[in-house]
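Peer 1: return a 3D structure for these sequence lines:
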Amino acid sequence: MDTGSGVVGSTDVCIVGAGPVGLALAIGLRRLSLRVRIVDKAPTARYRVGPLVLWTRARQALDVLGVGELLRLRGVELGTVTLHARDRALGPLGTGWALPGHARPLAVQQYDVERLLREELARLGTRIEWNTEVTDVEVHEDRAEFSLRHAGGAVESTAVPWIVGCDGTASVVRDRLGIRFEDRLPSGPQVALGTAPPGRPLGLRPGLGHLFLVPRHSLLVFPLSDGGFRFFCFRDRPEPGSTATPTQDELRALVADTTGVPALRLDAAGSRPDGAPLHGRVAAKLRHGRALLVGDAAHAWAPVGGPGMNIGILGAVNLAWKLAAVQGGQADEGLLDTYDAEQRLTAVQYLRHMRFDFMEPPMPPLGHRAFAATAPTAFARRGLRPGVGLRTGAPGRGGVPGDHRGGTLSWHRPGRHRRRGPRAGDRMPDVRILVPGEGAPPGTGSSLSTVPRTVARGLHTLLGYGRWTLVLYAARAEPGVLDGLREACARFPVPIRILPVTPRDGIEAGRLGHPDVLWLVRPDGHVGLVAPVARTALLRAYLSVLAHGRPRAFRKSRRILPLRGR
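Peer 2: Residues are numbered from 1 along each chain as shown. As a prediction, this is how the structure comes out:
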């Protein structure tokens with residue numbers, strides 16, 4: 001049965017999976033005017049115990065989509081995390097969260113994230129087709145054909161220009177395309193999620209987290225906006241190779257032993273005993289012609305700290321503008337290969353950093369005693385304070401690896417000005433710049449009421465997801481320079497805003513970079529090109545490759561070292 005709603009011509013992209021990543025992708029595509037169909041095999045939206053934390057990079061990405069403020073109002077920004085060895089507090093951890101803009105991660109329940117994203121997608125005119133399961137996918141040169149099974153057993157065969165699998169670790173799309181996960185899941189510790197109802201048995205205050213360490217297991221605790229808290233409990237497997245999951249009673253016992261609180265009440269609906277190991281997997285490729293993979297379909301993680309949701313959201317925002325440019329005829333199809341390269345690199349970076357995280361995995365008794373004995377000295381000495389590892393998403397640059405340095409879309413040609421400002425591939429810093437205000441307040445005298453004033457704004461507020469932005473210092477924006485830049489940008493089919501800026505002060509100027517350099521910022525906020533203002537030929541060459549390059553021009557980044565498949 002063909003309903004006609006998904007045939008080529010009425011839909012540009014079909015998204016399989018209506019979780020947070022699929023919803024973020026759908027919102028990004030709709031904001032760029034693509035026609036989207038989103039299906040999910042679940043009967044309806046459901047309560048799920050999932051990731052708790054949106055890290056800085058993911059929050060910035062959601063801001064690009066225009067939904068960051070909605071989520072902020074539903075969450076709790078995290079402050080310090082205190083380290084405990086049994087019942088003794090050792091001190092606050094170094095978190096690396098002191099970043100401009102979104103300085104802190106946001107604790108927010110996954111079901112709140114999904115609900116707010118569903119509401120935003122509905123406002124954009126797209127409804128989710130529940131109880132609709134993809135059963136087969138076949139990719140052709142100009143389309144993707146697939147079959148859907150609806151409620152009641154009705155079958156629909158249809159085609160769209162593009163299909164994107166956001167359907168989780170057991171992705172039907174990935175399976176039908178014959179794409180495998182790289183790397184074997186090694187045996188390791190187990191993790192279990194738990195939610196305690198409102199109340200403060202651990203003496204928690206809003207915004208403060210705790211990490212409890214005891215021999216052979218550990219507990220990471222984050223407060224929730226409703227007064228309760230979520231914990232992630234790590235423990236050694238009872239037996240090597242065992243896949244048995246801890247029971248609710250075992251969870252309570254683990255929490256009691258770790259925290260010293262004997263009668264902690266758990267919310268059965270918000271707790272999930274899990275045998276998941278603390279390792280991840282990455283798909284061998286994320287693009288197969290007209291089909292792409294995003295989120296857990298592309299990379300799978302243990303449900304700790306929300307790497308799947310956070311890295312998946314980064315991938316959705318990375319993909320949406322590229323897919324819109326290709327579908328709109330503004331860029332060569334090879335641009336989509338850069339999504340594959342950049343997103344796989346981000347996932348592989350995270351996976352490798354996880355292996356060096358020594359804070360959350362359970363410690364043996366001897367290691368625990370040594371750590372508890374030496375940690376107070378480390379806390380007392382500046383520069384030796386331990387930090388929360390990458391698994392919980394708190395490295396110094398925003399929660400997950402997020403730069404695309406070395407990628408084929410990242411041209412770093414600053415000339416002799418190499419040591420200042422962002423590099424090509426970095427997220428453009430949210431520099432505070434001066435913009436014209438509305439004049440002095442009324443009633444301050446006629447001589448002042450017409451005097452223009454300037455106000456400081458974040459640079460990110462002047463970027464746009466539907467365009468590129470060329471940033472340069474206003475002091476270097478002479479008429480001749482602007483004419484040359486406009487001439488170079490006029491040949492590019494995607495809108496480019498030329499934005500001369502004046503940093504608020506010397507500190508902000510240092511964050512931006514040298515005055516003789518320009519920065520071409522991609523729609524997702526990453527820097528594509530860094531070049532001297534005077535070298536407009538570099539700008540023309542970059543835009544020409546972007547618009548007219550062939551797939552070989554967007555070869556995979558040399559930074560990706562493939563994992564060994566098993």
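
Peer 1: mind giving me the domain ranges of this structure?
Peer 2: Following automatic domain parsing, one gets these domains for the chain: 13-52+109-185+280-354, 411-554.

Peer 1: pick out the shakiest of those domains, pLDDT-wise.
Peer 2: Lowest mean pLDDT within these: domain 411-554, at a mean of 86.

Peer 1: okay, the domains of the chain, which one's buried deepest?
Peer 2: Counting by mean count of other CB atoms under 10 Å, domain 13-52+109-185+280-354 has the highest mean neighbour count of the domains of the chain, with a mean of 21. C-betas here are computed from N, CA, C, even on glycine.

Peer 1: centre of the chain to that one, how far?
Peer 2: Using CA atoms, centre = their mean, to the nearest Å, the mean C-alpha position of domain 13-52+109-185+280-354 is found 14 Å from that of the whole chain.

Peer 1: how about residues contacting stretch 477-497?
Peer 2: Contacts of stretch 477-497 with the rest of the structure, by CB atoms under 8 Å, 6 or more residues apart in numbering, involve 325, 329-331, 464, 466-470, 472, 498, 500, 518, 520, 533-534, 536, 539-540, 543-544, 546-547.

Peer 1: and the helices in this protein?
Peer 2: In the chain, the helices defined using DSSP state H lie at 20-31, 56-64, 68-72, 110-123, 172-177, 248-259, 307-327, 335-354, 365-380, 446-449, 479-490, 506-512, 536-548.

Peer 1: quick check: buried residues in the third one?
Peer 2: When neighbours are counted by 16 or more other CB atoms under 10 Å, the buried residues of helix 68-72 are found to be 68, 71-72.

Peer 1: ok, of these, which one's closest to Thr338?
Peer 2: Each of those was checked against Thr338 using CB to CB; the closest is Gly68, at 24.5 Å.

Peer 1: any idea how far Val494 is from Ala372?
Peer 2: Distance of Val494 to Ala372, computed by CB to CB, to the nearest Å: 56 Å.

Peer 1: out of the domains of the chain, which gets nearest to Arg252?
Peer 2: In terms of CB to CB, the element of the domains of the chain nearest to Arg252 is domain 13-52+109-185+280-354, at 16.1 Å.

Peer 1: compute the number of surrounding residues for the residue lying closest to Phe371 once chain neighbours are set aside.
Peer 2: Take Phe371 and drop its neighbours on the chain: the residue closest to it by CB to CB, 6 or more residues apart in numbering is Met363, 6.4 Å away. Under the neighbour criterion other CB atoms under 10 Å, Met363 is assigned a count of 23.

Peer 1: circling back to that earlier point, closest to Ser171 among the buried residues of helix 68-72?
Peer 2: Distances from Ser171 to the buried residues of helix 68-72, taken as CB to CB, are shortest for Leu71 (25.5 Å).

Peer 1: please tell me how far that closest one sits from Arg37.
Peer 2: When distance is defined by CB to CB, Leu71 is 25 Å away from Arg37.

Peer 1: Asp337 too?
Peer 2: Taking CB to CB as the measure, Asp337 falls 24 Å from Arg37.

Peer 1: for Tyr542, same thing?
Peer 2: Taking CB to CB, one finds Tyr542 at 34 Å from Arg37.

Peer 1: which residues does Met137 bridge with?
Peer 2: No, residue 137 isn't Met; it's Val. When assigned by DSSP bridges, Val137 has beta-bridge partners Phe146.

Peer 1: likewise Arg230?
Peer 2: Counting by DSSP bridges, Arg230 forms beta bridges with Thr195, Phe222.

Peer 1: tell me how many other residues crowd it.
Peer 2: By other CB under 10 Å, the residues close to Arg230 number 23.

Peer 1: now do Leu254, the pLDDT please.
Peer 2: Each residue has a pLDDT score; the one for Leu254 is 76.

Peer 1: pretty sure it contacts His217?
Peer 2: Yes. Under the criterion of CB atoms under 8 Å, Leu254 makes contact with His217 at 5.9 Å.

Peer 1: can you give me the neighbour number for Asp249?
Peer 2: Using other CB under 10 Å, Asp249 has 10 other residues around it.

Peer 1: repeat for Asp226
Peer 2: Other residues near Asp226 number 11, with proximity taken as other CB under 10 Å.

Peer 1: what's near enough to touch Ile38?
Peer 2: Applying CB under 8 Å, 6+ apart, one finds that Ile38 lies in contact with 14-15, 17-18, 22-23, 26, 121, 126, 128-129.

Peer 1: from Gly308, how far off is it?
Peer 2: Noted for Ile38: a distance of 19 Å to Gly308, by CB to CB.

Peer 1: identify the contacts common to Leu254 and His217.
Peer 2: By the contact definition CB under 8 Å, 6+ apart, Leu254 and His217 are jointly contacted by 233, 235.

Peer 1: mind putting the contacts of Ile38 in a markdown table, distance to Ala154 included?
Peer 2: Putting those into a markdown table (distance: CB to CB, whole Å) gives the following:
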| residue | distance to Ala154 |
| --- | --- |
| Cys14 | 17 |
| Ile15 | 20 |
| Gly17 | 20 |
| Ala18 | 20 |
| Gly22 | 22 |
| Leu23 | 25 |
| Ala26 | 23 |
| Leu121 | 24 |
| Thr126 | 21 |
| Ile128 | 18 |
| Glu129 | 12 |
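
Peer 1: ok, so of those, who is nearest Leu93?
Peer 2: Distances from the contacts of Ile38 to Leu93 were compared by CB to CB; the smallest belongs to Leu23, at 32.2 Å.

Peer 1: wait, the closest one sits on Arg118?
Peer 2: Yes. Between Leu23 and Arg118 there is a contact at 6.3 Å, judged by CB under 8 Å.

Peer 1: who does the closest residue to Met428 other than its chain neighbours bridge with?
Peer 2: With sequence-adjacent residues excluded and distances taken as CB to CB, 6+ apart, Met428 is closest to Val521, at 4.9 Å. With DSSP bridges as the criterion, the beta-bridge partners of Val521 are Thr469, Val527.

Peer 1: again, but for the one 10 residues further on
Peer 2: The residues listed as beta-bridge partners of Ala531 by DSSP bridges are Leu518.

Peer 1: show me what contacts it?
Peer 2: Ala531 sits next to 411, 413-415, 517-518, 520, 538-539, 542 when contact means CB under 8 Å, 6+ apart.

Peer 1: rerun at 10 Å
Peer 2: Shown here is Ala531, whose contacts under the criterion CB atoms under 10 Å, 6 or more residues apart in numbering are 411-415, 424, 517-520, 537-539, 541-542.

Peer 1: out of those, which comes closest to Asp236?
Peer 2: In terms of CB to CB, no member of the contacts of Ala531 lies closer to Asp236 than Ala424, at 43.7 Å.

Peer 1: and that closest one, how far is that from Ser544?
Peer 2: Counting by CB to CB, the gap between Ala424 and Ser544 amounts to 17 Å.

Peer 1: circling back to that earlier point, overlap in contacts, Leu23 and Arg118.
Peer 2: In terms of CB under 10 Å, 6+ apart, Leu23 and Arg118 are both contacted by the residues 38, 126, 128.

Peer 1: in strands, which of those residues fall?
Peer 2: Among the shared contacts of Leu23 and Arg118, the residues falling in strands (DSSP state E) are 38, 128.
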